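Chemist: take a look and give me a structure for this.
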Amino acid sequence: MAKITLDNLAHSYLSRPASEADFALKELNHVWGDGEAYALLGASGCGKSTLLNIISGLLRPSQGRILFNDQDVTDQATAARNIAQVFQFPVVYDTMTVRDNLAFPLRNRGAEASYIAERVQTIARMIGMEAELGRKARGLTADAKQKISLGRGMVREDVNALLFDEPLTVIDPHMKWELRTQLKALHHEFGHTMIYVTHDQTEALTFADKVVVMHDGRVVQMGTPQELFERPEHTFVGYFIGSPGMNLLDAQVMGNKAVVQGVEIPLGADYARPTGRVQIGVRPEFVRLTAGPDGLPVTVRRIEDVGRHKIVRCELAGVQINAIAAEGALISPEMTRLTFDPAAINVYADDWRVTPKSQAQEAA
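Modeler: I've put the predicted structure just below:
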């Protein structure tokens, strides 16, 4: 297990980067705790896999250092870092049996035969492949081979970190849930430092202690699932996480009120007078459709019944606003106004969350 420190870390795939725009990974300074489970979450091309490959030693950063337990490993080979990595697509030895594939990392390190047999049996049970232990990997399906890759990544108990690069891409949906549960159980049992790359918010939010949200090569927020939901620090976090994501509306903000399309909206705190492009953000869970007279006047475009609740798709001046209503809620034609829970509204200036005056004063 290891504490992982990213010190002034950045990377460009160009030999001579001329500006910040040339960097796939912008400057990062973070400390990831020993024994924590992290998910790197973001859209394709945001820098997640680049960062993971730097941590594993497959890629040397253009600048900065990476430290394991305060020891500089920037120039260490992957093998010397004592990590296990599972990739997006299966990496197995086709001519070996499932048993020999799972045992391979332990045999390479000279583990005792009795321990290898016991550990392989445990991992095979975890990934649901006890019955296939004697089969050659060659004839197995892609998702079965990926389960072998996952098992081989988890078979060692002494690694500094376990790294997963979108490992469930080829796994069927039902098995995905089971394997996520097993990975979480493994983390609780052995306390490995785990880093899990994904673009799937469900995977990230159910697997990790903390989610690291990346956008355009930057870490825009690191926090618990609850923190990301309630207080997104960047507009990208707001609309990327959630289904539907956060509603974002251009607004004028003056103290504890906002004005959107000429309508005054009360806020839950004093935000002074932020400058730049100012927006308010509110999640659909905190939006209510009413018959008025207060609130934003909207046009209801459609209502989607998704089983556990309804998603009401509304429009205001060409901007879509989503609201979530209870499954049994009655929605009448007269309901053409939206109101927001003031305590659940966030304010943003140039995409970054504005700290309310009271919180800023406490921090000072």
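Chemist: who does the strand or helix carrying Tyr239 touch, helix- and strand-wise?
Modeler: Element membership for Tyr239 (DSSP states H and E) is helix 235-240. Applying 3 or more CB pairs under 8 Å, 6 or more residues apart in numbering; DSSP states H and E, we find helix 235-240 packed against strand 210-215, strand 218-223, strand 247-250, strand 278-282. Quick note: C-beta positions are derived from backbone N, CA and C, even for glycine.
Chemist: do you know which of those strands lies nearest Gln359?
Modeler: Evaluated with CB to CB, the helices and strands packed on helix 235-240 place strand 218-223 nearest to Gln359, the distance being 15.3 Å.
Chemist: packing partners for the next helix-or-strand element following that closest one?
Modeler: Sequence order places helix 225-230 as the next helix or strand after strand 218-223, per DSSP H and E. Applying 3+ CB pairs under 8 Å, 6+ apart, one finds that helix 225-230 makes contact with strand 210-215.
Chemist: so how far is Glu130 from Arg313?
Modeler: 48 Å (CB to CB, to the nearest Å).
Chemist: what sits closest to the most centrally placed residue in the chain if chain neighbours are left out?
Modeler: When CA atoms, centre = their mean is applied to the chain, the residue found nearest the centroid is Leu41 (2.9 Å). Nearest non-adjacent residue to Leu41, counting by CB to CB, 6 or more residues apart in numbering: Ala204, 4.2 Å away.
Chemist: likewise Gly134?
Modeler: Among residues not flanking Gly134 along the chain, Thr97 sits closest, at 5.7 Å (CB to CB, 6+ apart).
Chemist: for Asp270, give me its contacts.
Modeler: Going by CB atoms under 8 Å, 6 or more residues apart in numbering, Asp270 touches 255-256, 356-358.
Chemist: of the helices and strands packed on helix 235-240, give the one that comes closest to Leu106.
Modeler: Taking the helices and strands packed on helix 235-240 one by one with CB to CB, strand 210-215 is closest: 30.1 Å.
Chemist: mind listing what the closest one pairs with, with the direction of each?
Modeler: strand 37-41 (parallel), strand 218-223 (antiparallel) (DSSP bridges).
Chemist: which of these is buried the deepest?
Modeler: strand 37-41 (a mean of 25; mean count of other CB atoms under 10 Å).
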